[in-house]
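Undergrad: pasting the sequence and the predicted coordinates here, then a few questions.
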Amino acid sequence: METFYLSHGAPTLAIDETVPARKFFQSWQQSVFKEKPSSILVISAHWETAQPTVNVVDRNDTIYDFYGFPKPLYQIKYTPPGAPKLARRVKELLMASGIDHVDEDKKRGLDHGAWVPLMFMYPEADIPVCQLSVQSRQGRHSPLQHGKGSGPSQRGSPVPSWAMEFDNWLKDALIEGRYEDVNHYESKAPHPKMAHPWPDHFYPLHVAMGAAGEDSKARLVHSSWTDGTLSYASYQFTQPK
């Protein structure tokens, strides 16, 4: 099994052709993951709930969960099928891992943390997609438990030293398999609060690590920067064969 942590950046990635990461997402099927998935589960920082929740829908709507952006951004439609069977399987696995309750949302579509990268990765919008919410207010243990049962690290030049140091530390820790250090990044990484003042965009990484397993291997599949401190570092986690 393979999982991915993908940094999606700002919503304007969808309309700004100057963002380097666009080419990465556009080349996804040719250069990163050639096998077409039967369905996709996305864990986005942009759906936070008190209780773990999966969206169980037949067709995903496009959610414009942002304000004050250019009008063309609100005219994009990305409406892939829902993945109710996968969503309920995720719920089953979470509850089997010890989580008491997992809600089902039968109306919610895809927030921009999901549909912006997916519109480039799978532009045909023909692959069923479901989402699982995050609970960042509960601390890192919640997403770690989820993973065992899909955000940026934060355009311009040069990149500030604190941002580069955190990004390099994360890369080394992941590639070297020091997952426990990543789990405790608040005390292990340089400048953790500068890089992630709030952990919601970092927690999906814990889910990807946990789902792949302790013996998985991490690979950096893309690295670029925008807006000075916004890293698009993205990782693939693969189980040994």
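TA: In hand now; what should we look at? Worth saying up front: this structure is predicted, and the values here are computed from it rather than measured. Numbers count the residues shown, from 1 in each chain.
Undergrad: in the chain, which helix has the most residues?
TA: helix 161-175 (DSSP state H).
Undergrad: which helices and strands sit right next to the following helix or strand past it?
TA: The helix or strand immediately downstream of helix 161-175 is helix 179-183, counting by DSSP states H and E. Counting contacts by 3 or more Cβ pairs under 8 Å, 6 or more residues apart in numbering; DSSP states H and E, helix 179-183 packs against helix 161-175, helix 203-212. Just so you know, the C-beta spots here come from the backbone N, C-alpha and C atoms, and that holds for glycine as well.
Undergrad: which among those is found nearest to Trp115?
TA: With Cβ to Cβ as the measure, helix 203-212 is the member of the helices and strands packed on helix 179-183 nearest Trp115 (15.2 Å).
Undergrad: let me know the average pLDDT across the closest one.
TA: On average, the pLDDT along helix 203-212 is 88.
Undergrad: just the angle between the longest helix of the chain and helix 203-212, please?
TA: 10 degrees (axes from the mean of the first three to the mean of the last three Cα atoms, to 10 degrees).
Undergrad: mind giving me the packing neighbours of helix 161-175?
TA: By 3+ Cβ pairs under 8 Å, 6+ apart, helix 161-175 packs against helix 179-183, helix 185-188, helix 192-195, strand 217-222.
Undergrad: okay, angle between that helix and strand 217-222 too, please.
TA: Going by the same axes, to 10 degrees, helix 161-175 makes 140 degrees with strand 217-222.
Undergrad: what are the contacting residues of helix 161-175?
TA: 153-154, 178-179, 181-182, 185, 188-192, 194-195, 209, 218-220, 223, 228-229, 231, 233, 235 (Cβ atoms under 8 Å, 6 or more residues apart in numbering).
Undergrad: among the helices and strands packed on helix 161-175, which is nearest Tyr64?
TA: strand 217-222 (25.4 Å).
Undergrad: could you check how far Leu103 is from Tyr232?
TA: Careful, residue 103 is Asp and not Leu. To Tyr232, Asp103 is 31 Å away according to Cβ to Cβ, to the nearest Å.
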